[in-house]
Structure formats: structure tokens, C-alpha cells
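Visitor: got a sequence here, can you model it:
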Amino acid sequence: FLFSPQLKIFPEKKYLNSGKITFALQNLEESRVNRFFTSFTRNHQTEKVNALSLNGDFEFEHKENASFSYGFEGIYNDVNSFAFKNDLLLQQNQIIGYTPRLPIPTRYPSRGSSYVSYAVYLNWIWNPTSQLTLNAGLRLTNTHLDGSWKEFYNINALLSEVNLDSEALTGTLALTYRPSKVTQLNAIVSNGFRNPNIDDIGKIRESKGNLVVPNPFLYPEYAYNFELGITHYLPKAKNYFSVRGFSTLISRHIGRADYIIFADKTTPNLNTILYNGEELFTLANDNLGNRYLFGASLDGNFSLSRNFSLKGDLSIIEALKNDQYGPLPSISPIFGSLLLNYQKNNWFSSLRFQFSGSKDPEDYSTGGEDGLEETPLISISQGIYAGTPSWSELSFLTQYQLNKKMFLRLGLDNIFDLHYRSFASGISAPGRNFKLGVNVSF
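Guide: As a prediction, the model looks like this:
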């Protein structure tokens, strides 16, 4: 359920030309029921979330060459998590009932948890000359998280509650310089922070032989960014090319690492725990020191003739490995696309080529966030995976406009019927498939 009204105002006052206030109320419920093969025990987990938010965004022009925007944000999330198990009662091949319910660990804190965030911001845009634009912004954020567990719903006898308060002042300074009508230079310096949420700090989840457990000693991570770019416009309309580069330093990076539950005595190994009748390795989100990443992107549009144009983009991201914690998760391999477009009268056609480079197993994070086990398997006995293979795909789309209100579309995706997965998607992309569509406006 989502209810979100918005109020727009236009007072045209000295410090308030226009603004909008947005309120949102959302109720979410998610449940999962699972039972191991040949087991009579059925596990039930349910999460209920009530989310409230209030946003205000306002703006005014100070002078002809300067404008301000400012606002506030308030967020409140209330999370309730429930879990139980029971056994099936069978008579021959029929389920005739269930045993009484017994408590099992909940996915999130069993006594409930909440997340509160308050923020205010101010942004200033100044054009001292027709060639120069300066953009400066500040945001002050305060967050509070708390959660608590019932003893028999938890896997860590030493953990009963968690509380985390944090504040952060973040800012952005951007400079745009136009030395000529066809060239634009951009430079951005900014910082940001991410406060751990309830999912980061309080989740219990089993996945592929590992158990993610709560860590009450998790702190916010901070990022410091620098970006530089140039855009050059060509004589023909809509023709340009753009090159950008960036670097980011992440301080106290949040990632998965081995975690020991000292109160657990179910197995002799400190790094494992007995959960649902299985011995699992325990992991938790932790602050894993500083990380550094950098990258670049290239894109452009070029008219080849009156009817043909070529559009393309290329992205590269790299991250330095940490000697202690290994590679940074979620770093995609090189990827890009090319589109050859044809347009004449009522016809429009596009031939799209997209590709992605490979990612070697040694570049996958050790915490399992990248899903190495979802890549091709080289050796079943030794558990050796190939990583993400490189792939490329070709598709075609054509469109014809019958009149002002009706379009006909015909497409053929993955023309060569190749099997591939986009990085971190977790599922295979569709094979060769046809699309036929009609768009009608009234």
C-alpha cells in the first residue's frame, strides 16, 4: 500500500519563489516458507514494514545570475520480523495437520527495529560570466537505528540490542567552464556517507553454505569523489563526444567478512554454527578499511549521413585490491554499446550491438556479494568457477508511424541466440525473441 500526496506552492516571495512538499506512507509485507528436501519441518518467516517520509524542496532566484534551492527530509521505518517452524503430520501421502509452532531465529531483530533519518540541505548555483557556472551544495544528515532481540529468537546469546547514532555533513563543489560555444569542461569534488541500515546491521540469512549474522559494531562508511570531464559539440546538430574520468576513496568500507559468534557452542569450530541442522560458516557486514576505485566513460553521437547516425558509449571501472580483505565487490567489467540508427519520413530503425568484458574469479569479492557460484563451473569436485565470461549481443528494432496517434513496432532481440548474463543480474538474459507492438494515443 502506498499513499503519497504532494503540495506545490508558488508564493513568489523574496526567499521562496516555488516549492513542493511530499508526504508518503507505505506498508510492505514479505513472507517466505521453505522446507528442505525429504524434511518434514517447514520454516515460516514474515517481515512487515511501515515507512513514513516527508520531503520539502524550495527554490528562489537571488539575482539574475544566482539561484538557491533548499529543503528538508524526514524518514521513519518501522520493521517487525516474525518466524516459527512446525512439522507436517502425514497419513500415507496426505498432510492431515501440523505440530505446534516453535520459535526460530527471525530475519531481522525479533523485538522490532526502527530507522530514523533527518536531513536539511542548501544548494547554490552562480553564473559569474556566460562561460562559467559554479554549483555548491551542503547537506546535514542525522540518523538513528535501534533494534532488539528476544532471547529464543536469536543465534547470539551475547546480543540483545543494537543502537547506532550518526551525523554527517556532506558537500558538493562543481565547476562548469565553457571556453567556446562548442566545448564544455566539468570538474566535481564531493563527499558522501552511507549509514548502515537494518538490513546491513541486523540480518540473519542463510545462503549457499554461509550464514550472514548481525554485527552491532558496524559504523558508517564515507566516500570522497573527484570527477573531470570534457564535452565537445560538432558542427552538425546533436553531434558530440564526451570523455569523463573519476576516482573515489571509500573510508571504512562496509563489506562481508568472517565473523565469530563466541557465545555459540554448537560446533567446535569458532567460524561455524549449527543452523537448521547444517553446519554453516558465519559472515557479517564489517568495516573493512579504505578502498580506492577509479574509472572512465566515453560516449558520443555522430551523423553519418542525412538518414544514418551512430551513437555509442563505453565504461571502465577498476578498484585496487586490499591485501587483507581482497577485491572490492560489485565492480563490473568493461562494457559498452553501439547503436546504428536510420530515420526517414515515418520510418525509424535501430541496430544495437552491446558487449561486456570478462571478470576473472580472483577479482570477485571474498564475501560472496558478487555471486561467483553463479558463473560457469570448471570443476565440481574442487568447486572451481570460471568467473563471468565476455559476451556480445546484436538486436534490431524498427518502427513505422501510421499517423499522429499510432505507431507500429517490430523487434528482434539477441539475433544470434547467445546465452549470456549481465554482470550481477543473477539470471540469464532472454534468447532470440521477437517483439511486435502497437502504440495508440487518445
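
Visitor: so how many other residues sit close to Lys238?
Guide: Neighbours of Lys238 under the rule other Cβ atoms under 10 Å: 11. Glycine gets a C-beta too; all of them are placed from N, C-alpha and C.

Visitor: with Ser148 instead?
Guide: 16.

Visitor: now do the contacts for it.
Guide: 109-113, 160-162 (Cβ atoms under 8 Å, 6 or more residues apart in numbering).

Visitor: restricted to buried residues, select these in ChimeraX.
Guide: With 16 or more other Cβ atoms under 10 Å as the criterion, this ChimeraX line picks the buried residues out of these:
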select :109,110,111,112,113,162
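
Visitor: tell me the one among the contacts of Ser148 nearest to Thr38.
Guide: Set against Thr38, the nearest of these by Cβ to Cβ is Ser110 (28.7 Å).

Visitor: how about the strands in the stretch 1-150 of the chain?
Guide: For the stretch 1-150 of the chain, the strands defined by DSSP state E, counting those that start in this stretch cover 2-3, 6-9, 18-34, 41-63, 66-91, 94-98, 102-103, 113-129, 132-148.

Visitor: repeat that for the stretch 201-350 of the chain.
Guide: 205-207, 210-212, 221-233, 240-251, 254-258, 272-275, 278-287, 291-303, 308-319, 335-344, 347-356.

Visitor: so which of those is the most packed in?
Guide: Of all those, strand 210-212 has the most neighbours on average by mean count of other Cβ atoms under 10 Å, namely a mean of 21.

Visitor: who does it touch, helix- and strand-wise?
Guide: Applying 3 or more Cβ pairs under 8 Å, 6 or more residues apart in numbering; DSSP states H and E, we find strand 210-212 packed against strand 205-207, strand 278-287.

Visitor: what comes up buried for stretch 168-175?
Guide: Within stretch 168-175, the residues that qualify as buried by neighbour count (16+ other Cβ under 10 Å) are 168, 170, 172, 174.

Visitor: go ahead and name everything in contact with it.
Guide: 132-141, 186-193, 195, 220, 222.

Visitor: average pLDDT for it?
Guide: Stretch 168-175 shows a mean pLDDT of 96.

Visitor: now do stretch 250-259
Guide: pLDDT averaged over stretch 250-259 gives 92.

Visitor: just stretch 60-78 next, same as before
Guide: 94.

Visitor: swap in stretch 406-414?
Guide: So the average pLDDT for stretch 406-414 ends up being 95.

Visitor: for Leu145, which non-adjacent residue is spatially closest?
Guide: Excluding its sequence neighbours, the residue lying closest to Leu145 (Cβ to Cβ, 6 or more residues apart in numbering) is Leu164, at 4.4 Å.

Visitor: what angle do the helix or strand harbouring the one you found and strand 132-148 make?
Guide: Assigned by DSSP states H and E, Leu164 falls within strand 161-180. Using axes from the mean of the first three to the mean of the last three Cα atoms, to 10 degrees, the direction of strand 161-180 lies 170 degrees away from that of strand 132-148.

Visitor: that concludes my questions; thank you for your assistance.
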